[in-house]
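[1] what shape does this take:
(one chain, ligands or ions: 1)
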Amino acid sequence: MSTTTVTPVELTRDQVPEHLTWNLSSIYANNQEWEREFAEVAASIPSLARFDGKIKTSAETLAEALLARDQVLGLVDKLYVYASMRSDQDTANDLYKGMFARIRSLAIKASETSSYIHPQLLKIAKSKLKSWIAANDTLKLYKVEIDDLFRQKKHYLPAAQESLLAQAEELFDAGGTAYSSLTESDFEYPSFTDDQGNTHQLTGSNFTVLLDHPNRSVRRGAFEGVMGLYGKFNNTFSATYAANVKANIFKKNARGYASCREMAMFDINVPVSVYDSLIETVHSNLPKLHRYIALRRKTLGLPDLHFYDLYCPLVPDVDFKMSFNDACELILKAVAPLGPEYVATLRKGLFELRWADVLPNKNKADGAYSGGSYLTDPFMLLNWHETLDAIYTLIHEAGHSMHSWFTRRNQPKPTGQYTLFVAEVASICNEGLLTAHLLKTVTDVNVRKYVLTQAMEGFRGTLYRQALFAEFEMLAYAAAERGEPLTPALLNEIHLGLNQKYYGAEVVIDDQLKYEWSRIPHFYRSFYVYQYSTGISAASALSRQILEEGQPAVDRYLGFLKSGSSKDSLQLLRDAGVDLSTSAPIQQALDLFESYIEEYEKLS
Ligand SMILES: [Zn+2]
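    Prediction:
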């Protein structure tokens, strides 16, 4: 990130040079082609019901039903990603908005029409299915799906109760819905005046930008303004969060789980011990975090460090301007350790197949993502600007896209996507390779410091911070499951206590920080955030192994990229070389963090 914020003249979509746009016409040559396939798919959906009540009759019928379902859903996905990406390139375009809305409802219809398959499959005896799978090659492709269904079977309820639960789903979401309405629509953000007399209007999206500000009074003003706003609704947020927790407790009781955490993790087949091991290992490595914070305070030249001093860049002015083409060449060098097939494929994707939609334009969706479906190229939406941050974003999204490419090429459709638990591994591993490459090649001290800060912030902001949030959820749920009411006082106290514990004496914990937990929308997706910490740990450990061990590690890693969801997530990572049921990967990641701190200290 550079502090020279030149606002580029914003292009309209039709002014963007074609070679810097994604080649979505490789999916459908034009909108008429999309319409033609849309009509065909819409007409074919009712026929999915033809196997209703029949899949138990033979292996062939079951296989036929699953294939027919996936054929239709595959095309639905393809239609969906085309419309959604077209819509993202210009969100004000009503034609694409309309196409997107139509395919969304068609997708719901398709999954409703085939929703009888799972319940009916579960009624077939497991031993019978086993022999069917052994004798039928198509069913072999569905072994993962069928096994997973049976794994979950013991927590399913009789049909009438399942139907009641499904009908109550909207009620269960009421806490989260109220939370979003308040924070996204009803909030009135305050403004504040900094020590230079400048007034800043806070918004939902500029808080993190202002926390980066070189002027401390701007950072403090932003912090106090936002925390004060959340504090004003402390009772409401405690009620919306408690409602969400109670809904989960109701579900875990109904389905017979020991705890809500177990329920959330059972769903993705990751044992609770992975969570515990993360928290424990982070606890035993808190001194590293304290050392980093001390370095930060010293570098910023501050007498003490507050929460609002945790984000601003340590080296404000770094000149690392690079054209998109040069950035592509740079990341191709950074991923060279992954071998020629990886490099050649990515090169072709970037330069020839036009996977990336590069430049910002008027009404284009914000941020960056990697998208596409099993039947398309792995496209990337970017909002390119000439900074080092943008190069990291590019190599991150390229990591997702290459994971998708390898998976789709090597797996049949039923296992041709990867789970959320492993999704961030390929992207963050690439970031690690870029950091290593830059540290090897860049001599400019400021740029080196900048690169190191970027890497260290990854560990602080993702590994430690998300572990803190994961622990917050764990403690709040434990209290609620013991029958304690989740009052504002209790939730604030848990959060403040954790911040004191994680940051130790190195950070002055302002009282207002106790409201920060209510800023985290992910808490309405319970026990999700720990995956950010395990993801960055696995990725760091893997990038280390690739660079230190060479070919054997590369082969294991490429094997992982090619495996899709053919095994369960933990096993896939184990095969790649990281065992998240042990503390080793987290420890390796935090050791890497420490090596960056040491390197930075040497440069200071
Ligand atoms: Zn990502």
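[2] and the pLDDT for the residue most central in space within the chain?
    Centroid-nearest residue in the chain: E424, 6.2 Å away (criterion: CA atoms, centre = their mean). Note on E424: pLDDT of 92.
[3] with the one 4 residues further on instead?
    Each residue has a pLDDT score; the one for I428 is 95.
[4] tell me, how many neighbours does it end up with?
    For I428, the neighbour count with other CB atoms under 10 Å is 25. No exception for glycine: its C-beta is placed from N, CA and C like everyone else's.
[5] before we move on, back to that, and the gap between the residue nearest to the centre of the chain and G256?
    Going from E424 to G256 by CB to CB, to the nearest Å gives 31 Å.
[6] same check, this time on Q587
    From Q587 over to G256 the distance is 35 Å, taken as CB to CB.
[7] do N215 as well
    Distance, N215 to G256, by CB to CB: 55 Å.
[8] more neighbours: which of those two?
    Ranked by neighbour count (other CB under 10 Å), N215 and G256 place N215 first, with 14 against 10.
[9] surely that one meets D195?
    Yes: shown here, N215 and D195 form a contact pair, counting by CB atoms under 8 Å, at 7.3 Å.
[10] can I assume L165 is in contact with K251?
    Yes: contact status for L165 versus K251: in contact at 7.2 Å, counting by CB under 8 Å.
[11] who has more neighbours out of these two?
    Neighbour tally, L165 and K251, criterion other CB under 10 Å: the higher count belongs to K251, 17 against 14.
[12] quick one: pLDDT of T3?
    Per-residue pLDDT puts T3 at 35.
[13] G399 too?
    So G399 comes in at 98 (pLDDT).
[14] contact partners for it?
    Applying CB atoms under 8 Å, 6 or more residues apart in numbering, we find G399 in contact with 426-431.
[15] so how far is L210 from E224?
    11 Å.
[16] so which of the two has more stuff around it?
    The neighbour comparison of E224 against L210 (other CB under 10 Å) goes to L210, with 24 against 16.
[17] isn't the more buried one right up against T203?
    No: judged on CB under 8 Å, L210 makes no contact with T203 at a distance of 9.6 Å.
[18] helices along the stretch 451-600 of the chain, start to end?
    For the stretch 451-600 of the chain, the helices defined by DSSP state H, counting those that start in this stretch cover 465-481, 488-503, 530-549, 551-562, 569-576, 584-603.
[19] okay, the fifth one in PDB with CA atoms only?
    Which is helix 569-576. Taking Å, rounded to 0.1, in the frame of the first residue of the first chain, the C-alpha atoms of helix 569-576 are listed here in PDB:
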ATOM      1  CA  SER A 569     -10.300 -31.800   4.200                       C
ATOM      2  CA  LEU A 570      -8.100 -32.700   7.100                       C
ATOM      3  CA  GLN A 571      -6.800 -35.800   5.200                       C
ATOM      4  CA  LEU A 572      -6.100 -33.700   2.100                       C
ATOM      5  CA  LEU A 573      -4.000 -31.400   4.100                       C
ATOM      6  CA  ARG A 574      -2.300 -34.200   5.900                       C
ATOM      7  CA  ASP A 575      -1.300 -35.700   2.500                       C
ATOM      8  CA  ALA A 576       0.000 -32.300   1.500                       C
END
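[20] give me the phi and psi for the closest residue to G349 other than its chain neighbours.
    Distances taken as CB to CB, 6 or more residues apart in numbering put W355 closest to G349, at 4.2 Å, once the chain neighbours are dropped. In terms of degrees, to the nearest 10, the main-chain angles of W355 are phi -70, psi -30.
[21] now W355: how far from A539?
    In terms of CB to CB, W355 sits 21 Å off from A539.
[22] what's the answer for Y275, then?
    Taking CB to CB as the measure, Y275 falls 18 Å from A539.
[23] ok, now F207?
    Distance, F207 to A539, using CB to CB: 27 Å.
[24] with neighbour numbers in mind, choose between these two.
    More neighbours surround A539 than the other of F207 and A539, with 27 against 17 (other CB under 10 Å).
[25] for the more buried one, give me its contacts.
    Counting by CB under 8 Å, 6+ apart, A539 touches 424-429, 431-432.
[26] same thing with L157?
    With contact set as CB under 8 Å, 6+ apart, L157 has these partners: 165, 254-255.
[27] show me those that map onto helices.
    165, 254-255 (DSSP state H).
[28] with respect to L295, which of the helices of the stretch 451-600 of the chain lies nearest?
    Minimum separation from L295 across the helices of the stretch 451-600 of the chain (CB to CB) falls at helix 584-603, 6.2 Å.
[29] can you pull the buried residues of that closest one?
    Applying a neighbour-count criterion of 16 or more other CB atoms under 10 Å, one finds 585-590, 592-594, 596-597, 599-600 buried in helix 584-603.
[30] for stretch 346-357, same thing?
    Under 16+ other CB under 10 Å, the buried positions of stretch 346-357 are 346, 349-350, 353-357.
[31] what's the answer for stretch 307-323, then?
    Applying 16+ other CB under 10 Å to stretch 307-323 flags 307-315, 318, 320 as buried.
[32] which of the contacts of A539 are buried?
    Among these, those classed as buried by 16+ other CB under 10 Å are 424-429, 431-432.
[33] from those, pick the one nearest H19.
    S427 (24.5 Å).
[34] what's the spacing between that closest one and G577?
    Using CB to CB, S427 is found at 17 Å from G577.
[35] longest helix of this structure?
    The chain, longest helix under DSSP H: helix 59-89.
[36] buried sites along that one?
    Using 16+ other CB under 10 Å as the test for burial, helix 59-89 gives 59, 62-70, 72-89.
[37] and P287, how many residues sit next to it?
    Close neighbours of P287, defined as other CB under 10 Å, add up to 10.
[38] quick check: which element contains it?
    Element membership for P287, per DSSP states H and E: helix 286-300.
[39] quick one: buried residues of that helix?
    By 16+ other CB under 10 Å, the buried positions in helix 286-300 come out as 286, 288-289, 291-297.
[40] reformat the residues you listed as CSV; add distance to V335 and pLDDT.
    Listed next are these as CSV, based on distance: CB to CB, whole Å; pLDDT from 0 to 100:
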residue, distance to V335, pLDDT
L286, 33, 98
K288, 28, 98
L289, 30, 98
R291, 31, 97
Y292, 27, 97
I293, 32, 96
A294, 34, 96
L295, 30, 96
R296, 30, 96
R297, 35, 96
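[41] which one of the residues you listed is nearest P303?
    R297 (8.3 Å).
[42] other SSEs contacting the helix or strand that contains D276?
    Assigned by DSSP H and E, D276 belongs to helix 272-284. The contact analysis (3 or more CB pairs under 8 Å, 6 or more residues apart in numbering; DSSP states H and E) places helix 272-284 against helix 260-267, helix 465-481, helix 530-549, helix 584-603.
[43] T240 and T183 touch, don't they?
    No: T240 is beyond contact range of T183, at 9.7 Å (criterion: CB under 8 Å).
[44] what is the least confident helix or strand in the protein?
    Sorting the helices and strands of the chain by mean pLDDT, DSSP states H and E puts helix 159-172 at the bottom, at a mean of 88.
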